[in-house]
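Visitor: What follows is a protein structure lacking sequence information:
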């Protein structure tokens, strides 16, 4: 049987969803019989590959770079999963939104830094005015809320997706779960 | 006050006015006042005095003469002359020409359809009587309906007459007035109220303001008749504070009516007693919704509440309450004077009588008009309105304000009645009518009205409070050409939710400007949908 | 032969026959019979206002929607509590609420005890199709025992009603309108300075979300206790 090409990526988030993914523990081995992890913070690939079957996207869209990545991922992925609350609702990253980008940067880097009060400009991707959920920019196939979704939830959803079924996530998880 | 006394007052007033060879009337409604008609009035009065014409020329202020686009307007009777765009400087010339050749360059052609196609009932006295003199109102038949009602008819007969007339609520929804009256009359309560809704708030609408400014006694008489019919002892007129002149004139009318015994204890020597007070609205559109209005009169935050119970059963302070709009009351005196059948002769099968419209926007003759129900939109726009100016093309006519819709050219032959307009996805509304020419983008139009509804939502129910904001934002995406096919679907689904799930009429009607433009101008929406192409995205 | 007395009405809910007394609402009858209709602004013990619109049910024939919490069934009425149309409406209403303010469950004191959160899960809301509005709202921590975070308020009006109807203080009311509507204390004074607030905490415990909370609670620690309400409401109406 052909292995499912799985990718995971970590955008504007805390990596907690990836940690929860690892909490699947020994079932990872069982999963590895069915999937090939073609791109992930957990593996070495540098370029997001073509023809990916399933991509789990953790994190909100916070920067221009995130936008660039998500568009490429969308193009190269059959089934895009918004993985965790940040991807689904923008969650914690969105807490900056009511204040606006510039005011937030000023408050973080200028007003509270006595030694070197300046907003870092070099070699950092530009922040979007607001951190937003994935589906505000690209089509999302499966929403998997939770902060983070539990290991069991992730495992069940993944096994269903691998079998080619779209799981009903509402019985498994919710916002803030 | 008996009928004989009333006739005496009327005759005396008519006698007095007949003494003069000329009567010069100056429009003193808000529209003309804003272009200095008060100065024209003052100039006329002093010039007449200076020339020693006091016994020949009678100068008076009157209400709205209708053709606001040509204001300030001065009318000279009995010659039937109407002058346009008057200034105080024109006064000597007007007086010079009295009885001779009129001032050609300022003459309004009264044989134009704007004048000949109208039929006045609610506006019968507008531009004719001095709104601040009860005697003038009486001289043109005022309060005779009240005396007739009090001396000849019992309440049930009054209601029967109103039912016979087929009059329907002029505030917009078109509920049969007679039925409403009989429900309140039958409702049990130790006290009942009659309320006049003068919280007119649609953008571009000024029918009720003009009626109150031009002929306040007519509305008052209608209210007193209604109070007698339903058994109410206290009335309230809820007027928005932005209408100071209407408030002032209505208060004067109340005082004058009290002095003459048309209000107060034992009106006209009968056991019937009724008082009227004015309540000022603080500028919330939603207070035009009857349950919110009643909350506001009670001194609470003006928020609609669930119906049932309807105000007819449990209204002001939990008592049976009749709520009618200004124009509805203004139609009552003539119905009682001439009979319900007389009223029902005009109009269509289900929509009787005449309707006042504030005709505005891209049309030559903007102003206040009263037309028989059943007249077509085309006749209003092209004949009465004189068509679209500046050589532009007609695009749509918007009726019903923020609750209404946009009607395109190919449907202009629709007759104006409650059902036909509703079938087009618009509504009669209170009478705002805005003509739109080919320079306007229909999404801009829809968004303008959506912004209005969003700002005026009271915030009580979720579909209206948040839904209108999301609709407004979605329209913004179309304006910026950032919308997707999905957005179009969301827009339609959300319109459906807000229309069906909102608590009161404001929310339920708020999507109409979008729904009607989606229906008749869908291509404008489709043209603004972003075509997603991966290549373009990357570029 | 049995004939229904004048005060009892018979009707159907989702095709099954039920009866109700004069003062029972559709929601009362539904709950009594284990039929689930989602609600947010409704709370037993305070007067219904029908403002969240979540409990809308359909009257068969006319297709008319009425709020179950505030509508009394009529004789012969055929009531539908669940169909695709109602389900989509309810989902949209919950999504609109999530989009309105800054509901971030992960950091909320009421995470796991929140009615908005649980109703969303029950209705299958796993994302919000509308744009988040991200308004800027403040917290009021001036009261010694309680705090209010307007970011989490859904304007259900429970706190306003319980304060007026049960406690009799009418400390809370609303200011502004539309999307800018906000629950305030007295004439918009800080809560801690309110001369009318009795500090009873009923508003905190009727609040469906984490908007009103006891001070010192961390994430997911603020569960609400409402057992007092039906009892107090009964006492207030002079019941036994």
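Guide: Noted; the coordinates are in hand. The structure displayed is predicted, hence computed values, not measured ones.

Visitor: For residue B:110, which residues are in contact?
Guide: Residues near residue B:110 by C-beta atoms under 8 Å, 6 or more residues apart in numbering or on different chains: B:80, B:82. C-betas here are computed from N, CA, C, even on glycine.

Visitor: Please disregard the earlier target; I meant residue B:90.
Guide: By C-beta under 8 Å, 6+ apart, the contact list for residue B:90 reads B:40, B:83, B:103, B:106.

Visitor: Look up the pLDDT of the first one for me, please.
Guide: What the model reports as pLDDT for residue B:40 is 97.

Visitor: Same question for residue C:237.
Guide: We have a pLDDT of 69 for residue C:237.

Visitor: Check chain C for its longest helix and report it.
Guide: helix C:84-100 (DSSP state H).

Visitor: For the contacts of residue B:90, work out which two are farthest apart.
Guide: In the contacts of residue B:90, two members sit farther apart than any others by C-beta to C-beta. They are B:40 and B:103, at 13.5 Å.

Visitor: Just want to know which of those two has more residues nearby.
Guide: More neighbours surround residue B:40 than the other of residue B:40 and residue B:103, with 29 against 17 (other C-beta atoms under 10 Å in any protein chain shown).

Visitor: So in terms of bridging, what pairs with the residue positioned nearest the centre of chain A?
Guide: With distances taken as C-alpha atoms, centre = their mean, the residue of chain A nearest its centroid is residue A:58 (1.3 Å). Beta-bridge partners for residue A:58, by DSSP bridges, are residue A:10, residue A:83.

Visitor: That one: what's it in contact with?
Guide: A:8-11, A:13, A:15, A:17-18, A:83-84, A:86-87.

Visitor: Now distance to residue B:282 and pLDDT too, for those, in a markdown table please.
Guide: Converted to a markdown table, these look like this (distance: C-beta to C-beta, whole Å; pLDDT from 0 to 100):
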| residue | distance to residue B:282 | pLDDT |
| --- | --- | --- |
| A:8 | 57 | 98 |
| A:9 | 54 | 98 |
| A:10 | 53 | 97 |
| A:11 | 48 | 97 |
| A:13 | 47 | 96 |
| A:15 | 53 | 97 |
| A:17 | 51 | 98 |
| A:18 | 55 | 98 |
| A:83 | 50 | 98 |
| A:84 | 47 | 98 |
| A:86 | 44 | 98 |
| A:87 | 46 | 98 |
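
Visitor: Report the separation between residue B:353 and chain A.
Guide: Distance check for residue B:353 against chain A: by C-beta to the nearest C-beta, to the nearest Å, it reads 52 Å.

Visitor: Give me the pLDDT for that residue.
Guide: For residue B:353, the model assigns a pLDDT of 97.

Visitor: again, but for residue B:183
Guide: We have a pLDDT of 97 for residue B:183.

Visitor: Quick check: closest non-adjacent residue to residue B:172.
Guide: Ranked by C-beta to C-beta, 6 or more residues apart in numbering or on different chains and with sequence neighbours excluded, the top spatial neighbour of residue B:172 is residue B:429, at 4.5 Å.

Visitor: Give the helix, strand or coil label for the one you found.
Guide: Here residue B:429 is coil, with the state taken from DSSP: H, G, I helix; E, B strand; the rest coil.

Visitor: give me the number of residues near residue A:14?
Guide: 18.

Visitor: Run through who's touching the following helix or strand past the longest helix of chain C.
Guide: Using DSSP states H and E, the next helix or strand after helix C:84-100 towards the C-terminus is helix C:115-123. Helix C:115-123 has contacts (C-beta under 8 Å, 6+ apart) with A:170, A:174-176, C:38, C:40, C:54, C:87, C:90-91, C:94, C:97-98, C:103, C:105, C:110-111, C:154, C:208-209.

Visitor: Quick one: buried ones out of those?
Guide: Among the contacts of helix C:115-123, the ones that count as buried by 16 or more other C-beta atoms under 10 Å in any protein chain shown are A:170, A:174-176, C:38, C:40, C:54, C:90-91, C:94, C:97-98, C:103, C:105, C:110-111, C:154, C:208-209.

Visitor: Name the nearest of the contacts of residue A:58 relative to residue C:32.
Guide: Using C-beta to C-beta, residue A:84 comes nearest to residue C:32 of the contacts of residue A:58, at 39.8 Å.

Visitor: was I right about residue C:80 contacting residue C:56?
Guide: No - contact criterion C-beta atoms under 8 Å: residue C:80 and residue C:56 do not qualify, at 10.4 Å.

Visitor: okay, those two: which has more neighbours?
Guide: Neighbour tally, residue C:80 and residue C:56, criterion other C-beta under 10 Å: the higher count belongs to residue C:56, 26 against 17.

Visitor: quick one: which of the contacts of residue B:90 is nearest to chain C?
Guide: residue B:40 (40.6 Å; C-beta to the nearest C-beta).

Visitor: Could I get the contacting residues of that closest one?
Guide: Per C-beta under 8 Å, 6+ apart, neighbours of residue B:40: B:26, B:72, B:74, B:86-88, B:90-91.

Visitor: Residue B:221: what's it in contact with?
Guide: Residue B:221 neighbours (C-beta under 8 Å, 6+ apart): B:142-143, B:145-146, B:262, B:332-333.

Visitor: No more questions from me, cheers.
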